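Q: What follows is a predicted protein model with its sequence.
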Amino acid sequence: MPDPILETERLVFHPFTPDDYPLLAELHADPEVQRYIGGAWTREAIQGRLDAYVAEQARYGFSKWKVFLRDGTFVGRCGVSLWSRNGGFEIGYSLRRAAWGQGLATEAAKAVRDRFWQLSDAGHLNGFTAVENLPSRRVLERIGMRHTGDEDLGLGGMSALYVLERP
């Protein structure tokens, strides 16, 4: 595997490649992982996400990235993507259930947030999650994001919206 794009104490990040469909499909096949992100994704939806991640990486130098433990275990994805809602960027993460409850999402999101500020000149970063997804809301708050209200984004329920201004 090529050199990582980002590392933390416990995590290693790599950009997605066109060959990573099986990793993304396996992650998003778990109904609990999908619980707050619109339910099951079709094969076409997964391929579309993968294609978007690869294209964003080429265009911006960042996107959603594959996340591994230092021992090489794939744990999920985390990164920043273009957000069509307002032309800005949004931070997002999905981790395998085996990685939940260990602080890995917060560790990943903090590292991605900091790397985003280094790689972009954006004035702010967006985040959102299902209103009832309290663990994800805590991650957004731990990385310094401010809740700006709730809105129906068409994802099957109300979403809590967050923003973080450039430091």
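A: Perfect, I can see it now. Worth saying up front: this structure is predicted, and the values here are computed from it rather than measured.
Q: Tell me the secondary structure at residue 71.
A: Classification of residue 71 by DSSP: H, G, I helix; E, B strand; the rest coil places it in coil.
Q: got the residue ranges for the strands in the chain?
A: Secondary structure of the chain, counting by DSSP state E: strands at 6-7, 11-15, 64-69, 74-83, 88-95, 124-130, 146-152, 158-165.
Q: For this structure, name the helix or strand with the lowest mean pLDDT.
A: helix 31-34 (a mean of 65; mean pLDDT, DSSP states H and E).
Q: picking that back up, wait, which of the strands of the chain is closest to residue 101?
A: strand 88-95 (9.9 Å; C-beta to C-beta). C-beta: built from backbone N, CA, C; applies to glycine.
Q: what's the angle from the closest one to strand 158-165?
A: On the basis of axes from the mean of the first three to the mean of the last three C-alpha atoms, to 10 degrees, strand 88-95 is oriented at 120 degrees to strand 158-165.
Q: What is strand 88-95 packed up against?
A: Applying 3 or more C-beta pairs under 8 Å, 6 or more residues apart in numbering; DSSP states H and E, we find strand 88-95 packed against strand 64-69, strand 74-83, helix 104-119, strand 124-130, helix 134-142.
Q: Dump these into CSV; add distance to residue 6 as well.
A: Shown next, in CSV, are the helices and strands packed on strand 88-95 (distance: least, C-beta to C-beta, whole Å):
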stretch, distance to residue 6
strand 64-69, 7
strand 74-83, 9
helix 104-119, 5
strand 124-130, 16
helix 134-142, 17
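Q: Compare the ones you listed and report which one is nearest to residue 32.
A: helix 134-142 (11.6 Å).
Q: Check which residues of the closest one are buried.
A: Across helix 134-142, burial judged by 16 or more other C-beta atoms under 10 Å covers 136, 137, 139, 140.
Q: so where's this structure shaky on pLDDT?
A: Within the chain, the stretches with pLDDT under 70 are 1, 30-31, 33-40.
Q: Show me which helix runs longest in it.
A: For the chain, the helix with the greatest residue count under DSSP state H is helix 43-60.
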